[in-house]
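1. this is a predicted model, with the sequence first.
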Amino acid sequence: MITLGIGKCVADGSQGSCPMITSVHSRQFVSSIWTAMLVKEIFLHRIVTGDKSWVYHYKPESKRQSMQWKHPSSPANKKFKTQHSAGKVMLTIFWDVNGSILVHFQEKGQTVTSDRYSDMLVNELKPMI
């Protein structure tokens, strides 16, 4: 059996009362560290989080629509016109440590209620986990 002595563990310097760590103890210690790390890793892989946000979409104007006639010697025109969004939809996304699990766009005209949200969790997210 291999024994490892712990340095000066007693203030009076007597080595006889110093505890010894055996290879069995060190294996048990390393095993308990690995077990704790695996439990932590398994726990982290079970975490799923989500967020929701408004996503705006636009109808881009064609190149022909954005062109303006100008005289060759006149300076270039500056565009100050802002483009209005064509609409917005609610995006709900869920992800875990490996990446996105579910990307859900709320249908136009629907309100996000607790019933719709719980239906999405049960019917769409739960089967994907």
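-> That came through fine. Keep in mind the model is a prediction, meaning the values are calculated, not measured.

2. which residues in the protein form strands?
-> For the chain, applying DSSP state E gives strands covering 3-5, 20-22, 49-57, 87-96, 99-105.

3. buried deepest among those, which one?
-> Ranked by mean neighbour count, the strands of the chain are led by strand 87-96 with a mean of 15 (mean count of other C-beta atoms under 10 Å). (Each C-beta comes from the backbone N, C-alpha and C, glycine too.)

4. any idea of the mean pLDDT for it?
-> Here strand 87-96 scores 89 as its mean pLDDT.

5. contact partners of that strand?
-> Counting by C-beta atoms under 8 Å, 6 or more residues apart in numbering, strand 87-96 makes contact with 45-57, 100-106, 108, 112, 120, 125, all of which sit outside it.

6. if we can go back for a sec, could the strands of the chain be laid out in TSV, adding distance to Ser73?
-> Below are the strands of the chain laid out as TSV (distance: least, C-beta to C-beta, whole Å):
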stretch	distance to Ser73
strand 3-5	90
strand 20-22	90
strand 49-57	39
strand 87-96	42
strand 99-105	49
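
7. and the ones you listed: which comes nearest Ser74?
-> strand 49-57 (34.3 Å; C-beta to C-beta).

8. would you put the C-alpha positions of the closest one in PDB?
-> This file holds the C-alpha atoms of strand 49-57, laid out as PDB (Å, rounded to 0.1, in the frame of the first residue of the first chain):
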ATOM      1  CA  THR A  49     -34.100  29.100 -21.000                       C
ATOM      2  CA  GLY A  50     -36.200  31.300 -23.300                       C
ATOM      3  CA  ASP A  51     -36.900  34.800 -24.300                       C
ATOM      4  CA  LYS A  52     -39.500  36.700 -26.400                       C
ATOM      5  CA  SER A  53     -39.100  39.800 -28.500                       C
ATOM      6  CA  TRP A  54     -40.900  41.800 -31.200                       C
ATOM      7  CA  VAL A  55     -39.400  41.200 -34.700                       C
ATOM      8  CA  TYR A  56     -40.000  43.800 -37.300                       C
ATOM      9  CA  HIS A  57     -40.200  42.900 -41.000                       C
END
